[in-house]
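# predicted model, plus sequence, below.
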Amino acid sequence: MEKPWFKRKTYGFGWTPATKEGWIVTITAVLLILTSITKTNPFLGTIYVILIVAALIAICYQTGEKPAWQWGKNK
């Protein structure tokens, strides 16, 4: 992969979208979460949200920079 889809956050732990592919994955995950919350019963909605978030974390891990705790820009 030439450029990571997700880069490390400047403050804290996690990722932020860095390319259009990263934004597409993030927006799709948000839309799927909103749909699963509003269109299913609470139990199934919770299961779907857990699965969607797990898939999003796996995609970020595979296509992004290595996660690490950061506090500010690297010097």
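Great, that's in hand.
# C-alpha only now, for contacts and for neighbours.
Fine.
# rounded mean pLDDT for stretch 56-73, please.
Stretch 56-73 carries an average pLDDT of 91.
# my bad, should have said stretch 17-28
96.
# mind listing what's buried along that stretch?
Neighbour-count burial for stretch 17-28, counted by 16 or more other Cα atoms under 10 Å, picks out 17, 22, 25-26.
# and if you look at stretch 52-61?
52, 56, 59-61.
# out of these, who's nearest Leu32?
Ile52 (7.5 Å; Cα to Cα).
# where's that closest one, which helix or strand?
Of the helices and strands defined by DSSP states H and E, Ile52 is found in helix 42-63.
# one more: Thr16?
strand 15-17.
# for the next helix or strand after that strand, packing partners?
Per DSSP H and E, the first helix or strand lying C-terminal to strand 15-17 is helix 20-39. Secondary-structure packing of helix 20-39 (3 or more Cα pairs under 8 Å, 6 or more residues apart in numbering; DSSP states H and E): helix 42-63.
# check this structure and tell me which residue is nearest its centre.
Leu56 (4.4 Å; Cα atoms, centre = their mean).
# what's near enough to touch it?
Leu56 sits next to 25-26, 29 when contact means Cα atoms under 8 Å, 6 or more residues apart in numbering.
# circling back: ok, the buried residues of stretch 17-28 vs Lys7, which is closest?
Nearest to Lys7 among the buried residues of stretch 17-28, with distances taken as Cα to Cα, is Pro17, at 6.4 Å.
# what is the neighbour count of the spatially closest residue to that closest one that is not a sequence neighbour?
In space, and not counting its chain neighbours, Pro17 is closest to Phe6: 4.5 Å by Cα to Cα, 6 or more residues apart in numbering. Neighbour count of Phe6, defined by other Cα atoms under 10 Å: 26.
# how far away is Ala29 from Glu2?
Distance, Ala29 to Glu2, by Cα to Cα, to the nearest Å: 23 Å.
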